[in-house]
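**Student:** next comes the sequence, and after it the predicted model I'd like to discuss.
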Amino acid sequence: MLPSTTRLGPRWSLSRFHAKDIANAENALCVSNMLQWGIAIPLYIGDCENWLPDNSDGFHVSWMGIAMAKFSQNYLIKSKETQAQKDKFYLVFCPTDQWHRLADLWRWDDPNSEVNPILTGYCYLPGRVTGSWDYAVNGIEAWHTRKKLGGRYSAAPILIDRMQGLGNWSPRNNNGSLQWTTTDGESRRTVPSATHRGQGAVPTGGSFLLEECRVEWRRFDVRNPRGTVDLGSSGGSWQCFYKIDIGETP
């Protein structure tokens, strides 16, 4: 039997316990999603002479090209266009992601949706080409263009929760101005732009899938990204945070 709100005291309530339980469940589901990616990718490279899926026709950090869509269909899950938002158990999206679930609905009335890049709810880095996004803004362009596992960037993450905001950010000065909501142009709905949010829709951190099929949670502090999770890339006013210390080897 749960204690009453009176016995818990003025600073606590049952709703706070409920919110914490939901957050823990969502975090566990997100880790489960990433682990399934972490199983699918080695299965793919085992069939393809250690080559990662080609994502040269994808763009930014969350759009997957046609080859990546085939990888997902054959090794993970087929991405189908839907008229309603995909549920929390759809493993291509973080369960806390609202923005990309909403943006995914853009495919519904697109007659060419099956031959166009598709959206994920995470940042997927390898196999990209330069040009569509500023991958070099904070010195980790090679994380995005690598084609195989192992080597110098073997400790770099493959898949990351979206700590994504709008505004400007200077990695050099470790400061800037950010907002953590965005408005969908079709539905006119305003939703949080990042996942795993705390007060003010600011992300509290995110999970990182590493090469050895291991998932780590990294805390994000918007007051000090350099000391927690720094800017990884940007495009226009979009700022995506996922640079971590990987202790590069020569």
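**Tutor:** Perfect, I can see it now.
**Student:** contact partners for the residue lying closest to residue 65 once chain neighbours are set aside?
**Tutor:** Excluding its sequence neighbours, the residue lying closest to residue 65 (CB to CB, 6 or more residues apart in numbering) is residue 57, at 3.3 Å. To be clear about C-beta, it is placed using only N, CA and C from the backbone, and glycine gets the same treatment. Residue 57 sits next to 65, 66, 67, 117 when contact means CB atoms under 8 Å, 6 or more residues apart in numbering.
**Student:** wait, the first one sits on residue 117?
**Tutor:** Right, the one you point to is residue 65. Yes. With contact defined as CB atoms under 8 Å, residue 65 reaches residue 117; the gap is 5.3 Å.
**Student:** give me the more crowded residue out of these two.
**Tutor:** The neighbour comparison of residue 65 against residue 117 (other CB atoms under 10 Å) goes to residue 65, with 21 against 18.
**Student:** did I read that right, residue 215 in a helix?
**Tutor:** No. Using DSSP: H, G, I helix; E, B strand; the rest coil, the assignment for residue 215 is strand, not a helix.
**Student:** where's it relative to residue 80, distance?
**Tutor:** Separation of residue 215 from residue 80 (CB to CB, to the nearest Å): 26 Å.
**Student:** quick one, which of those two is more surrounded?
**Tutor:** Set residue 215 next to residue 80 and count neighbours by other CB under 10 Å: residue 215 wins out with 18 against 12.
**Student:** I figured that one hits residue 36, correct?
**Tutor:** No. Counting by CB under 8 Å, residue 215 does not reach residue 36; the two are 10.6 Å apart.
**Student:** I'd like the average pLDDT over stretch 47-58.
**Tutor:** Across stretch 47-58, the average pLDDT comes to 93.
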